[in-house]
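**Student:** dropping a prediction and its sequence here:
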Amino acid sequence: MKNLNRRTALKGLLTTTATLGALGTTSAYSMETAQTAEAEATPMLNNIKQSVCRWCFQDLSLDDLCVKAKEMGIKGIDLVGPNDWATLKKHGLDSPMCNGAEINLTDGFNDPRFHAQLHKQYSAMIPKVAAAGYTNLICFSGSRRGMTDEVGLTNAVKGLQPMVELAAKHKVVLVMELLNSKIDHHDYQADRTSWGVALAKRLGSEHFKLLYDIYHMQIDEGDVIRNIIDNHAYIAHYHTAGVPGRHELDDNQELNYPAIMRAIKATGFQGYVAQEFIPKQTDKLASLRQAVRLCDV
């Protein structure tokens, strides 16, 4: 009888495993999905406003992404420009981090060769952001190209100062993203919180802040929670992703996102945390839904 029960149990286990394999999922991920579904039965806390980055879900139309995001409790779509703002407004979603004025990630405010072009582009975009009722406009340091930290800071202050003054007139905030230079953006200058904070202090304006990308800063410096707590006054926005790989915020990566979100909440943060991971699972929206629930603390 014991052998029969053992065979029955084993058969059931194999059947379950085969079924999961046929669905193209791992058992661990299936368990996480089930836990997320259970969590969805309870209302969201919404202590932290969440957004999602457009570029991570390019296989969906913007309209479809807006519909699905709104169903999940997401309040905005990150990194879209003027051509897409009407679609966001149609769906009642915010544009928490606007883009479209930058040249690229490598040619930024730390290099005087690009100041004239950047001034032209940001001078045109800042009033558009304000007119649309938005606040944050992204910017980038650019690559070092052999520059020391001090030279880069001096150049960036010179390049940003007139744009920050213009932003202040329009009640817009220029937000510089911190990116890792170890894996994804080799030679990028604003690759540490300390450099970005030093720049913010020199500019001395509430109209210049930092985008603290949790994924990028974990790679280049770690100590995420301490850095957030110590420097939150200079941070206007956050991005997420799993480390390593920039995929789901699941147990295949090293960051404790609920703890990080609780730390952000404890600072009194009133801005947005945007999901910016590249889904690895077949059901990308399930991955997004899971991440949103995970960060709802």
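**Tutor:** Received the coordinates, thanks.
**Student:** please make it C-alpha for all contacts and neighbour counts, starting now.
**Tutor:** Noted.
**Student:** what about the stretch 1-150 of the chain, any weak spots by pLDDT?
**Tutor:** Scanning the stretch 1-150 of the chain for pLDDT under 70 picks out the ranges 1-41.
**Student:** strands along the stretch 151-297 of the chain, start to end?
**Tutor:** Ranges of strands within the stretch 151-297 of the chain are 173-177, 208-213, 235-240, 272-275, based on DSSP state E, counting those that start in this stretch.
**Student:** contacts only, for Ser143.
**Tutor:** Going by Cα atoms under 8 Å, 6 or more residues apart in numbering, Ser143 touches Leu105, Thr106, Asp107, Gly108, Asn110, His186, Asp187, Tyr188, Gln189.
**Student:** what about it, distance to Gln275?
**Tutor:** From Ser143 over to Gln275 the distance is 25 Å, taken as Cα to Cα, to the nearest Å.
**Student:** quick one on the thing from earlier: need the strands of the stretch 151-297 of the chain in a markdown table with distance to Gln121, mean neighbour count and mean pLDDT, can you?
**Tutor:** As requested, those are arranged in a markdown table below (distance: least, Cα to Cα, whole Å; neighbours: other Cα atoms under 10 Å; pLDDT from 0 to 100):
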| stretch | distance to Gln121 | mean neighbour count | mean pLDDT |
| --- | --- | --- | --- |
| strand 173-177 | 13 | 26 | 99 |
| strand 208-213 | 17 | 27 | 98 |
| strand 235-240 | 22 | 24 | 98 |
| strand 272-275 | 25 | 25 | 98 |
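**Student:** can you add distance to Lys89 and give those back as JSON lines?
**Tutor:** What follows is those, written out as JSON lines (distance: least, Cα to Cα, whole Å):
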{"stretch": "strand 173-177", "distance to Lys89": "20"}
{"stretch": "strand 208-213", "distance to Lys89": "23"}
{"stretch": "strand 235-240", "distance to Lys89": "20"}
{"stretch": "strand 272-275", "distance to Lys89": "17"}
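**Student:** what's the distance between the most centrally placed residue in the chain and Cys98?
**Tutor:** What sits nearest the mean C-alpha location of the chain, by Cα atoms, centre = their mean, is His239, with 2.0 Å. Using Cα to Cα, His239 is found at 14 Å from Cys98.
**Student:** before we move on, back to that, so which of the strands of the stretch 151-297 of the chain gets nearest Gly92?
**Tutor:** strand 272-275 (15.8 Å; Cα to Cα).
**Student:** chain center to that closest one: distance?
**Tutor:** Put simply, strand 272-275 sits 5 Å off its chain's centre (Cα atoms, centre = their mean, to the nearest Å).
**Student:** that strand pairs with which strands, parallel or anti?
**Tutor:** Paired with strand 272-275 in the same sheet, following DSSP bridges, are strand 49-53 (parallel), strand 235-240 (parallel).
**Student:** list the helices and strands the following helix or strand past the first one packs on?
**Tutor:** Think strand 49-53. Downstream of strand 49-53, the next assigned helix or strand under DSSP states H and E is helix 62-72. Secondary-structure packing of helix 62-72 (3 or more Cα pairs under 8 Å, 6 or more residues apart in numbering; DSSP states H and E): helix 82-90, helix 284-294.
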